[in-house]
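Enquirer: Please find the sequence and the predicted model below.
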Amino acid sequence: MADATPTSPPHFQRALTLFDAIMLVTGSMIGSGIFIVSADIARQVGTAGWLLVVWLITGLITTAGAVSYGELAAMFPKVGGQYVYLREAFGRLVAFLYGWTLFLVIQTGVIAAVAVAFAKFLGVLWGWSSVTNVLFQIGPLAVSSAQVVAILLIVGITALNAQGVRTGKLIQNVLGSTKLVALALLIVFGVALGLNHAAVAANFHDVWAAARHPAAGGPALPLSAGALVIAIGMAMSGSLFSSDSWNNIGFAGEEIQNPERTLVRSMVIGTGIVTALYILLNIVYLLVLPLAGSPEAATVAGRGIMYAKDDRVATAVAESVLGAPGAYVMAILIMLSTFGANNGIILSGARAYFAMAKDGLFFPGLARLNPAGVPARALWAQCLWASLLCLSGSYGQLLNYVMFAVILFYVVTIIGIFVLRRTRPHAPRPYRAWGYPVVPLIYIGLASAFCVVLLIAPDTAEYSRRGLGLVALGLPVFFLFGRRFGGPTAAE
């Protein structure tokens, strides 16, 4: 049912309650990453203790970001979220560079990657959906059945969200609550039925003992202090990616009831729930499977967390607990998880492009609402670009650029709290950043250190510099849009 009558002027509907907002936060955060990235983290840091520390630091950074970021969300509960906060603190140029990167790779790249993850896990149930099942060629481009499934998923979710925000929130509430319950059950059954005493002894006898040198894959060797810092920073790329999108609720600021309170509460509660689940899941991984293993081993226990098949740690745990049917159970859970994540990300991202278009910094046709009160044109533009990324096959590579740009803009946004405290000291602040200035400074320090590590670490330096290059490419585009659509071209 449409969210506005045909005779009323299109406008955003304040239809999102606190529960809806929490489901958007948790549902957007939990995709496929938590089920996979712990294998790579284990290879990077080499010990059970540091694996858990990586997730604890990630939770600290995410929570510190949310409780700080909430001040800006409460000050500017507008459609566009982070784009608006950056515009108010630093002007149009910085805001556009964020929005440009959001559309080019951050939001659309994640949508494409999550959709392909859905298609890959559908392949566990239906072998036809596979990246190796090439259906046809478009010039040099081979199109697989998994890419077709991914595009159909993106188009379908976009079409549903174009029906109105109430449709999108209903999907999110059902899938979000289902996946939270399923993850809780995975934790309970993992402890109750899957406890592996050999794995517990190997992982927790000395949680800091290196299982094997992660770089060489050979005998147990401890990492030096400098190498450990680099390894933790590189490993956090996966955990931070798995914990991202907590800010997406801010994009829908004008569709939330009592946004000055709800935005902050939903981000803090949502990130807290996800952080707790992620840490508990990793503890379950360590209770069921040994950290170390061999990539040539025939059993899930023999491969361990480090060398779980295709890095599917959660699937390996489910197989250990439930036997062969465990793979199917996890495939269904991850499909629900990725569907829900993409629903939240697709719903949210289009609101930022709408705000940019209203400012004269994006295609003006995107600054329109359909009769249901949603920016349908922005939704379909996002759908088109994300689908092209699916076809290009480059989404995986683009995601290597994402984390540097994402965290960089988070740092700049949190710095905006200090800027606005100075430039607008008397502006209404329904919520003030908890622990100011200490907590925001902790976030800025930790997140900046992460960016530095990404810029200097051998495995991530090239991607991070290219990510910075993608941001810089927005400079000429900013001036082009300003001239073409009549918007100012100077930062205010």
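Expert: Alright, I've got the coordinates.

Enquirer: okay, and for this structure, where does confidence drop off?
Expert: 1-8, 210-223, 394-399, 482-492 (pLDDT under 70).

Enquirer: top helix in it by residue count?
Expert: helix 325-358 (DSSP state H).

Enquirer: from the middle of its chain, how far away would that helix be?
Expert: How far helix 325-358 lies from its chain's middle: 9 Å, per Cα atoms, centre = their mean, to the nearest Å.

Enquirer: What helices and strands are in contact with it?
Expert: helix 18-29, helix 82-90, helix 92-101, helix 107-125, helix 145-161, helix 165-194, helix 313-322, helix 376-392 (3 or more Cβ pairs under 8 Å, 6 or more residues apart in numbering; DSSP states H and E). C-beta: built from backbone N, CA, C; applies to glycine.

Enquirer: Compile these into CSV and extend it with columns for distance to I283 and mean neighbour count.
Expert: Shown next, in CSV, are the helices and strands packed on helix 325-358 (distance: least, Cβ to Cβ, whole Å; neighbours: other Cβ atoms under 10 Å):
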stretch, distance to I283, mean neighbour count
helix 18-29, 19, 26
helix 82-90, 32, 25
helix 92-101, 35, 24
helix 107-125, 24, 25
helix 145-161, 32, 21
helix 165-194, 8, 19
helix 313-322, 11, 25
helix 376-392, 34, 21
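
Enquirer: nearest to V284, of those helices?
Expert: Across those, V284 has its closest neighbour in helix 165-194 (3.8 Å, Cβ to Cβ).

Enquirer: Name the residues that touch stretch 425-441?
Expert: 64, 67-68, 70-71, 73-75, 260-261, 264, 414, 417-418, 420 (Cβ atoms under 8 Å, 6 or more residues apart in numbering).

Enquirer: Between the two ends of it, how far is it?
Expert: Terminal residues of stretch 425-441 lie 19 Å apart, using Cα to Cα, to the nearest Å.

Enquirer: Most widely separated two among the contacts of stretch 425-441?
Expert: Spanning the widest gap among these are R261 and F418, at 23.1 Å by Cβ to Cβ.

Enquirer: coming back round to it: now rank the contacts of stretch 425-441 by neighbours and give me the top one.
Expert: Ranked by the number of neighbours (other Cβ atoms under 10 Å), the contacts of stretch 425-441 place A73 first, at 28 neighbours.

Enquirer: Touching, that one and V84? I think so.
Expert: No - counting by Cβ atoms under 8 Å, A73 stays clear of V84, with 9.5 Å between them.

Enquirer: Can you check which residues contact both of the two?
Expert: Residues touching both A73 and V84 (Cβ under 8 Å, 6+ apart): G253.

Enquirer: Filter the contacts of stretch 425-441 down to just the ones in strands.
Expert: Counting by DSSP state E, no part of these is found in strands.

Enquirer: Quick check: which element contains Q137?
Expert: Under the criterion of DSSP states H and E, Q137 resides in strand 134-138.

Enquirer: Please enumerate residues in contact with that strand?
Expert: 142-145, 148, 391.

Enquirer: just stretch 251-264 next, same as before
Expert: With contacts defined as Cβ under 8 Å, 6+ apart, stretch 251-264 is touched by 12-18, 21, 24, 67, 70, 73-74, 76-84, 165, 249-250, 347-349, 351-352, 430-431.

Enquirer: Only alpha carbons, please: show it as PDB.
Expert: Provided in PDB are the C-alpha atoms of stretch 251-264 (Å, rounded to 0.1, in the frame of the first residue of the first chain):
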ATOM      1  CA  PHE A 251      20.300   8.900   5.700                       C
ATOM      2  CA  ALA A 252      16.600   8.500   6.500                       C
ATOM      3  CA  GLY A 253      16.400  11.200   9.100                       C
ATOM      4  CA  GLU A 254      13.200  12.800   7.900                       C
ATOM      5  CA  GLU A 255      11.400   9.400   7.900                       C
ATOM      6  CA  ILE A 256      12.000   8.700  11.600                       C
ATOM      7  CA  GLN A 257       9.700   9.400  14.500                       C
ATOM      8  CA  ASN A 258      11.200  11.700  17.100                       C
ATOM      9  CA  PRO A 259      14.500  11.600  15.200                       C
ATOM     10  CA  GLU A 260      16.500  13.700  17.700                       C
ATOM     11  CA  ARG A 261      16.300  10.800  20.200                       C
ATOM     12  CA  THR A 262      15.600   7.800  17.900                       C
ATOM     13  CA  LEU A 263      18.700   8.300  15.700                       C
ATOM     14  CA  VAL A 264      21.100   8.200  18.600                       C
END
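
Enquirer: That one: which residues count as buried?
Expert: Counting neighbours by 16 or more other Cβ atoms under 10 Å, one finds that the buried residues in stretch 251-264 are 251-256, 259-264.

Enquirer: For that stretch, what is the distance to the chain centroid?
Expert: Worked out by Cα atoms, centre = their mean, stretch 251-264 lies 20 Å from the chain centre.

Enquirer: hang on, the earlier thing: how big is the angle separating the longest helix of the chain from helix 165-194?
Expert: Angle of helix 325-358 versus helix 165-194, following axes from the mean of the first three to the mean of the last three Cα atoms, to 10 degrees, is 150 degrees.

Enquirer: wait, what's in contact with the residue most central in space within the chain?
Expert: Nearest residue to the geometric centre of the chain (Cα atoms, centre = their mean): D244, 3.4 Å. Neighbouring residues of D244 by Cβ under 8 Å, 6+ apart: 29, 110, 403, 406.
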